[in-house]
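Undergrad: Coordinates for the following, if possible.
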Amino acid sequence: MGLLVEKYRPDSLEHVVLPYYVKEKIKQMIESKNIPNLLLYGPPGTGKTTIARIIIKNVLNNEKNVLILNASDDRGIDVIRNKITPFISVKPANDNFRIVFMEEVGAPQGGLTMAAQSALLNIIEDKHTYARFIMTTNFPERLLPSLRSRFVQIKIEEMQKNDMLDRLRYICEQEQIQYDDQQLMKIINTTYPNMRNALQLLEGCIVQRANVKLIDDNLLTKAIAEIYSINRIELSKQFIVALWKNRKNFTKETIKTLPFVIDRIEDIPIETVMQLLDKKDELELIEMMIDLRKKNKDASLIDLIAQILNSE
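TA: Presented below is the predicted three-dimensional model:
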């Protein structure tokens, strides 16, 4: 992770940009030193982890009373049995409770398994007197409703673009980086609403010339082009799969919208898209792509799209 991301991660609630009512709600929890189980959800890069760390820092006296897990890695029922249960079975020292902090609990590829979520239900009920859980996720709908109901759910909204601009200006001024608002808005428009990605993009475009730090326009243009290229590749995969799955339901009106997407993806090689497909769920589509390339080694995504639309 970039140096700017960590250096300028807010370390107190007053430095976090949040709607007033959300900030006041969290502030009251911190002041009472008695938090409920919390589910912080919202888009990536909006400060969920930062807010969780601030809460933990302010309500606990002993750092040994917190267990931090990333549910993208620690996701199965074994983590409940081997890590969480032993941790909360020990009563807290110098604190009212112990905290289990779990990040990314509802990730699309990863996150807590259904078995792990079910196992958590009883644990949360049994240990409520001296254990608290804080979870973060971009996708709350991927959690069991019965699990979500045991948490106070707080949506962490994305920052407004003006707030992101103010923050980037502040960081540039603190780091003595020469900039103009047009450069910063390019960064914001590319990464919005992810402040973390904005800082990483900014850091990658800074150069030093004659003892002056500045944002290099060529580096910025190249970095943005690479980001859009990655997005285009993912777009092409999603588009082809959606087209394939809905090929029997297209109407003339739907087909009229295709050129807007095709214009962005037509130069992406078939092989690039094929590598992203699920070999189990999209095998028939992959076979069509292979067959098309056998018949015409110069076949493009346009040819593939035409074949999908003409298939039965």
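Undergrad: residues of the lengthiest helix in the chain that come out buried?
TA: Counting residues, the longest helix found in the chain (DSSP state H) is helix 217-245. Across helix 217-245, burial judged by 16 or more other C-beta atoms under 10 Å covers Leu220, Ala223, Ile224, Ile233, Ser236, Lys237, Phe239, Ile240, Val241, Leu243, Trp244. To be clear about C-beta, it is placed using only N, CA and C from the backbone, and glycine gets the same treatment.
Undergrad: Can I get the residues you listed in JSON lines including pLDDT and distance to Gln160?
TA: Below are the buried residues of helix 217-245 laid out as JSON lines (pLDDT from 0 to 100; distance: C-beta to C-beta, whole Å):
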{"residue": "Leu220", "pLDDT": "91", "distance to Gln160": "22"}
{"residue": "Ala223", "pLDDT": "87", "distance to Gln160": "23"}
{"residue": "Ile224", "pLDDT": "84", "distance to Gln160": "21"}
{"residue": "Ile233", "pLDDT": "81", "distance to Gln160": "30"}
{"residue": "Ser236", "pLDDT": "84", "distance to Gln160": "31"}
{"residue": "Lys237", "pLDDT": "84", "distance to Gln160": "31"}
{"residue": "Phe239", "pLDDT": "83", "distance to Gln160": "30"}
{"residue": "Ile240", "pLDDT": "86", "distance to Gln160": "35"}
{"residue": "Val241", "pLDDT": "85", "distance to Gln160": "34"}
{"residue": "Leu243", "pLDDT": "83", "distance to Gln160": "35"}
{"residue": "Trp244", "pLDDT": "86", "distance to Gln160": "38"}
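Undergrad: what residue ranges in this protein score low on pLDDT?
TA: In the predicted model, the chain carries pLDDT under 70 at residues 1-2, 71-74, 107-110, 250-257, 260, 312.
Undergrad: domains for it, by residue range?
TA: What automatic domain parsing lists as the domains of the chain is 7-155, 161-215, 231-310.
Undergrad: what's the distance between the shortest one and the middle of its chain?
TA: Which is domain 161-215. Computed by C-alpha atoms, centre = their mean, to the nearest Å, the chain-centroid distance of domain 161-215 equals 21 Å.
Undergrad: Next, the distance between the ends of it.
TA: Terminal residues of domain 161-215 lie 19 Å apart, using C-alpha to C-alpha, to the nearest Å.
Undergrad: neighbouring contacts of stretch 208-221?
TA: With contact meaning C-beta atoms under 8 Å, 6 or more residues apart in numbering, stretch 208-221 is reached by 172, 175-179, 183, 186-187, 201-202, 204-207.
Undergrad: what ranges do the helices span in the stretch 201-312 of the chain?
TA: Remark: helices assigned in the stretch 201-312 of the chain by DSSP state H, counting those that start in this stretch are 217-245, 252-255, 258-265, 270-276, 283-295, 301-310.
Undergrad: so is the spatially most central residue of the chain in a helix, a strand, or just coil?
TA: Centroid check for the chain by C-alpha atoms, centre = their mean gives Pro44 as the closest residue, at 3.4 Å. The three-state label given to Pro44 by DSSP: H, G, I helix; E, B strand; the rest coil is coil.
Undergrad: List the contacts of it.
TA: Residues counted as contacts of Pro44 (C-beta under 8 Å, 6+ apart) are Asn138, Asn194, Arg196.
Undergrad: Among those residues, pick out the one closest to Gly111, please.
TA: Ranked by distance to Gly111 (C-beta to C-beta), the contacts of Pro44 are led by Asn138 at 9.6 Å.
Undergrad: ok, the nearest residue to Lys91 once chain neighbours are set aside - how many residues close by?
TA: Spatial nearest neighbour of Lys91, chain neighbours left out: Tyr130 (5.8 Å); criterion: C-beta to C-beta, 6 or more residues apart in numbering. Counted with other C-beta atoms under 10 Å, the neighbours of Tyr130 add up to 14.
Undergrad: Make sure Tyr130 is actually in contact with Val100.
TA: No. With contact defined as C-beta atoms under 8 Å, Tyr130 does not count as touching Val100 (11.8 Å).
Undergrad: Could you name every residue contacting both of these two?
TA: Taking C-beta under 8 Å, 6+ apart as the contact rule, Tyr130 and Val100 both touch Ile88.
Undergrad: Spit out the contact partners of Cys205.
TA: The neighbours of Cys205, taking C-beta under 8 Å, 6+ apart as the test, are Ile187, Ile215, Asp216, Leu219, Leu220, Ala223.
Undergrad: go on, Val59?
TA: Met29, Ile30, Lys33, Asn34, Ile35, Asp95, Ile99.
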